[in-house]
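Peer 1: No sequence on hand, only this structure:
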DNA sequence: CACAGTGACATTGTTAACAATCTTTTCTAC
DNA sequence: GTAGAAAAGATTGTTAACAATGTCACTGTG
């Protein structure tokens, strides 16, 4: 099972530092849109939420700012990034350049275990969607793209896509319609199907289409969701 | 002129923090192979080299580790990353996926000023190469790829390619022949030429060829250059 | 009533001392 | 002379106090 540690790094268990875990938790919270853009990430609140000292928190925030997911304003503190419209366009342009190729690579590299894993993932996604577990649905939806990179067997791309997916969540939170979810399950199923059939061109094309779908649901008028209470969101 | 601040971020001048400058300097030093893989980056040496306190240095090192360019070993300190053979393959696979598309985008977006800028850059590259300024040649060579992203007008890709180019320098330092430079100037000229002629397919193809050339000069037998003296390398 | 100024409070940024770990040297035993 | 152990030294990691800055409520004035 192991429901937690989703989107986790490809690292050996004992090797993880505490701030990596914090980074990962905040990453996830942003991906499933529990932390909307602009949310203030105050040090004291994070200390309380994670039960750790200020140093760890500050390191984690610095790491997150390096991933463009958190904005550090001098003497003001850390905030969940609020991507501009240009940034949003750039993120999706990058995804359209990367991910169809990744899908094609995934076709080349996928073995039976990978195919089975994709199937299991789709089932989870579908389940979460059907049972109305919105947060799970959003997170799994983003995780699908990362999973594809893992099937493609390229850790560099895993890192990149993880960052792009997270930023996409922020973008959707800002510029997407109220009910918009990260991805439509049907698209994912189509991509996975193409991979199962070893049709690289189709997989790439479906991925391109999928990303275009998401992009098409954005309106770029700069709305913003209200910031929520940090401690309750991140409490374990 | 402005010979320094090459490969600099797309940021407003006054907005830069001190650690960003440090990060950029180390990035550059790695790109033109003055800092070989495995070099120990001791805090005290860096403090001396940059004339700043330990805190700044530690923040910079953490940022660099987030970009996979520096490896942080607990209680041992920071080291210039030594990419494994698998990592090397992943980096070039990612570049082959990204950069041909970027070249194509650059063709679509390039205006006259961009074309002129590319021309000037090539001249500088050629000049450095002819006059035996090896470090400049290597740095400019890497910078060409970043410049292309800037022409393509996508800051997300700029960040990605900057990281990939830096890691490529490490890879070449470890697995490349002794005289191997980052890129051959001819390839760059051919790419720039295709852009000038607005031939997107050709630009993409030349980029693919170019990256394949570099990749072909690697042998993956895990040699390592000796570590050099930090303070003399980074002193201003 | 609106607004500028002032002060108290809260939050972030920095520094320096301390603790823990690793490295190197030295000493002893074989 | 070599190998192992122990201690001294150097380096990194952590903590806590302090300084600087920003925020907000309150007050007085126009």
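Peer 2: Yep, it's here. Note that this is a predicted model, so its numbers are computed, not measured.

Peer 1: what about the closest residue to residue A:210 other than its chain neighbours, neighbour count?
Peer 2: Nearest non-adjacent residue to residue A:210, counting by Cβ to Cβ, 6 or more residues apart in numbering or on different chains: residue A:187, 3.9 Å away. To be clear about C-beta, it is placed using only N, CA and C from the backbone, and glycine gets the same treatment. Number of residues near residue A:187 (other Cβ atoms under 10 Å in any protein chain shown) recorded here: 19.

Peer 1: Quick one: residues contacting residue A:187.
Peer 2: A:206, A:209-210, A:213 (Cβ atoms under 8 Å, 6 or more residues apart in numbering or on different chains).

Peer 1: from those, which ones fall inside helices?
Peer 2: In this view, the contacts of residue A:187 that belong to helices under DSSP state H are A:206, A:209-210, A:213.

Peer 1: List just the nearest of these to residue B:72.
Peer 2: Closest approach to residue B:72 among those (Cβ to Cβ): residue A:210, at 36.6 Å.

Peer 1: before we move on, the earlier item: the residue nearest to residue A:210 sits in which helix or strand?
Peer 2: Per DSSP states H and E: residue A:187 is located in helix A:185-196.

Peer 1: got the buried residues for that helix?
Peer 2: Neighbour-count burial for helix A:185-196 flags A:185, A:187-192, A:194-196 (criterion: 16 or more other Cβ atoms under 10 Å in any protein chain shown).

Peer 1: The residue lying farthest from the centre of chain A sits in which helix or strand?
Peer 2: Largest separation from the mean C-alpha position in chain A: residue A:75, at 28.7 Å (Cα atoms, centre = their mean). Assigned by DSSP H and E, residue A:75 belongs to no helix or strand.

Peer 1: ok, back up a step: next, format the ones in helices among the contacts of residue A:187 as CSV and append pLDDT, neighbour count and distance to DNA strand D.
Peer 2: Shown next, in CSV, are the ones in helices among the contacts of residue A:187 (pLDDT from 0 to 100; neighbours: other Cβ atoms under 10 Å in any protein chain shown; distance: Cβ to the nearest atom of the strand, whole Å):
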residue, pLDDT, neighbour count, distance to DNA strand D
A:206, 97, 22, 45
A:209, 96, 13, 43
A:210, 96, 23, 40
A:213, 92, 13, 39
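
Peer 1: With adjacent residues omitted, what lies nearest to residue A:139?
Peer 2: Here the residue nearest residue A:139, using Cβ to Cβ, 6+ apart, is residue A:32, at 4.2 Å.

Peer 1: Can you spell out which helices and strands pack onto the longest helix along chain A?
Peer 2: Longest helix in chain A by number of residues (criterion: DSSP H): helix A:85-109. Other helices and strands packing on helix A:85-109, by 3 or more Cβ pairs under 8 Å, 6 or more residues apart in numbering or on different chains; DSSP states H and E, are helix A:134-152, helix A:155-175, helix A:185-196, helix A:200-216, helix B:85-109, helix B:155-175.

Peer 1: and the direction of the shortest one versus that of helix A:200-216, what angle?
Peer 2: In this case it means helix A:185-196. Here helix A:185-196 runs at an angle of 160 degrees relative to helix A:200-216 (axes from the mean of the first three to the mean of the last three Cα atoms, to 10 degrees).

Peer 1: from the middle of its chain, how far away would helix A:185-196 be?
Peer 2: The chain centre lies 18 Å from the centre of helix A:185-196; the measure is Cα atoms, centre = their mean, to the nearest Å.

Peer 1: The fifth one now?
Peer 2: A distance of 14 Å separates the centroid of the chain from that of helix B:85-109, by Cα atoms, centre = their mean.

Peer 1: List the buried residues of that helix.
Peer 2: The neighbour-count check on helix B:85-109 (16+ other Cβ under 10 Å) flags B:87-95, B:97-107 as buried.

Peer 1: just checking, next helix/strand downstream of that helix?
Peer 2: Where DSSP H and E defines the elements, the next helix or strand beyond helix B:85-109 is helix B:112-130.

Peer 1: Residues contacting that next one, please?
Peer 2: Under Cβ under 8 Å, 6+ apart, the answer for helix B:112-130 is B:106, B:110, B:136-137, B:140-141, B:143-144, B:147, B:151, B:181, B:185, B:188-189, B:192, B:195-196.

Peer 1: how about a cut-off of 6 Å?
Peer 2: Helix B:112-130 has contacts (Cβ atoms under 6 Å, 6 or more residues apart in numbering or on different chains) with B:136-137, B:140, B:147, B:151, B:185, B:189, B:192, B:196.

Peer 1: hang on, the earlier thing: pick the one among the contacts of residue A:187 closest to residue B:25.
Peer 2: residue A:210 (40.9 Å).

Peer 1: Starting from residue A:204, give me the distance back to that closest one.
Peer 2: In this view, residue A:210 and residue A:204 are 11 Å apart by Cβ to Cβ, to the nearest Å.

Peer 1: same check, this time on residue A:71
Peer 2: Applying Cβ to Cβ, the value for residue A:71 to residue A:204 is 34 Å.

Peer 1: cool, residue A:34 as well?
Peer 2: From residue A:34 to residue A:204 the distance is 32 Å (Cβ to Cβ).

Peer 1: Which one's more surrounded, those two?
Peer 2: Looking at residue A:34 and residue A:204 with other Cβ under 10 Å, you find the greater number of neighbours at residue A:204, namely 21 against 18.

Peer 1: Run through the residues that contact that one.
Peer 2: By Cβ under 6 Å, 6+ apart, the contact set of residue A:204 is A:100, A:103-104.

Peer 1: just checking: which of those residues also lie near DNA strand D?
Peer 2: By Cβ under 7 Å from any atom of the strand, no member of these lies near DNA strand D.

Peer 1: Tabulate those residues (a markdown table), appending distance to residue A:127 and pLDDT.
Peer 2: As requested, these are arranged in a markdown table below (distance: Cβ to Cβ, whole Å; pLDDT from 0 to 100):
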| residue | distance to residue A:127 | pLDDT |
| --- | --- | --- |
| A:100 | 27 | 98 |
| A:103 | 23 | 98 |
| A:104 | 28 | 98 |
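
Peer 1: For the residue nearest to residue A:191 when sequence neighbours are not counted, give me its contacts.
Peer 2: If you skip the residues right next to it in sequence, residue A:191 has residue A:206 as its closest partner in space, 4.7 Å away by Cβ to Cβ, 6+ apart. Contacts for residue A:206 were tallied using Cβ under 6 Å, 6+ apart; they are A:190-191, A:194.

Peer 1: Please apply the same query to residue A:70.
Peer 2: A:61, A:64, A:78.

Peer 1: Show only the entries of these found in helices.
Peer 2: A:61, A:64.

Peer 1: Domain-wise, how is chain A divided?
Peer 2: A:15-82+A:225-234, A:85-216 (automatic domain parsing).
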